[in-house]
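**Q** quick one, what's the 3D model for this:
(chains A and B)
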Protein chains: 2
Amino acid sequence: MAEFKHLVLVKFKDDVVVEDVLKGMEKLVSEMDTVKSFVWGQDIESMEMLRQGFTHAFLMTFSSKDDFTAFANHPNHVEFSTTFFDCDRKAILLDFPAITVKPAAA
Amino acid sequence: MAEFKHLVLVKFKDDVVVEDVLKGMEKLVSEMDTVKSFVWGQDIESMEMLRQGFTHAFLMTFSSKDDFTAFANHPNHVEFSTTFFDCDRKAILLDFPAITVKPAAA
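**A** Numbering: from 1, shown residues only, chains lettered A, B, ... in the order given. Okay, here's the model as predicted:
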């Protein structure tokens, strides 16, 4: 079965302490076994025109869509999401089965 | 050294044959050893409000920022990018060093 990805792009509000948001996200992920892997990054170098104001990308990987659904509906995630979306000026979410063209293994 | 990610979110123009774009992208990636891994996905299920019209996510991983820069400046990529951006109605790019909170290994 294809892995399932949960991708979130964000531009945070100016007064948000991003480190606190990250801590909350790390806590959430560490508590949830359904989250298979989690990476994030901050882009502050690319052309603003290409980034369109977004600065952070968060990418969670699940073993299946069912695992993602269980995560998404879990009270811990629902609570965190509410807090998270108070912090963003804008956000885009994409959830999709991952099609691997080139696998990560070297 | 942190892996480096190249993330592209796209909404294609209505008359674009997405399969052709994908073939071009697969060809590009297969030719370029600097691309460590490549996954993509299509989200046509989430709420439009959350996706904001974007339908496809493309995620390439590089061993280093230098590898990404070499890829980005390679003539094959430059040529493909020109074609690619003729095909999209809107796109967002984020390039960032990946911070791994939970590694992929089970």
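**Q** up against chain B, what does chain A have?
**A** A:5, A:7, A:9, A:25-26, A:29-30, A:35-43, A:45-46, A:50-52, A:54, A:57, A:59, A:61, A:91-104, A:106 (CB under 8 Å from any CB of the partner chain). All C-beta atoms are positioned from the backbone trio N, CA, C, and that covers glycine.
**Q** for ChimeraX, what selects the buried ones among those residues?
**A** Buried members of the residues of chain A next to chain B, defined by 16 or more other CB atoms under 10 Å in any protein chain shown, are picked up in ChimeraX with:
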select /A:5,7,9,25,29,35,36,37,38,39,40,41,43,46,51,52,54,57,59,61,91,92,93,94,95,96,97,98,101,102
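**Q** which of the residues of chain A next to chain B fall within strands?
**A** Among those, the members falling in strands (DSSP state E) are A:5, A:7, A:9, A:37-42, A:57, A:59, A:61, A:91-97, A:99-102.
**Q** what is the burial count for the residue nearest to A:Gly53 when sequence neighbours are not counted?
**A** Spatial nearest neighbour of A:Gly53, excluding adjacent residues (CB to CB, 6 or more residues apart in numbering or on different chains): A:Lys11 at 4.8 Å. For A:Lys11, the number of neighbouring residues by other CB atoms under 10 Å in any protein chain shown comes to 17.
**Q** which residues are in contact with A:Lys11?
**A** Applying CB atoms under 8 Å, 6 or more residues apart in numbering or on different chains to A:Lys11 gives the contacts A:Gly53, A:Phe54, A:Thr55, A:His56, A:Asp88, A:Arg89, A:Lys90, A:Ala91.
**Q** for the fifth one, name its beta-bridge partners.
**A** Pointing back at A:Asp88 there. With DSSP bridges as the criterion, A:Asp88 is bridged to A:Phe12.
**Q** was I right about it contacting A:Phe12?
**A** Yes - if you go by CB atoms under 8 Å, A:Asp88 and A:Phe12 touch, sitting 5.8 Å apart.
**Q** hey, what's A:Lys59 bridged with?
**A** Quick fix: residue A:59 reads Leu, not Lys. In beta-bridge terms (that is, DSSP bridges), A:Leu59 pairs with A:Leu7, A:Val39.
**Q** in chain A, what spans have low per-residue confidence?
**A** A:1, A:105-106 (pLDDT under 70).
**Q** give me that answer again for 80
**A** Chain A contains residues with pLDDT under 80 at A:1, A:44, A:104-106.
**Q** quick one: the nearest residue to A:Trp40 once chain neighbours are set aside and B:Val101, what's the gap?
**A** Sequence neighbours aside, A:Phe58 is the residue nearest to A:Trp40 in space, at 4.5 Å (criterion: CB to CB, 6+ apart). Using CB to CB, to the nearest Å, we find A:Phe58 at a distance of 9 Å from B:Val101.
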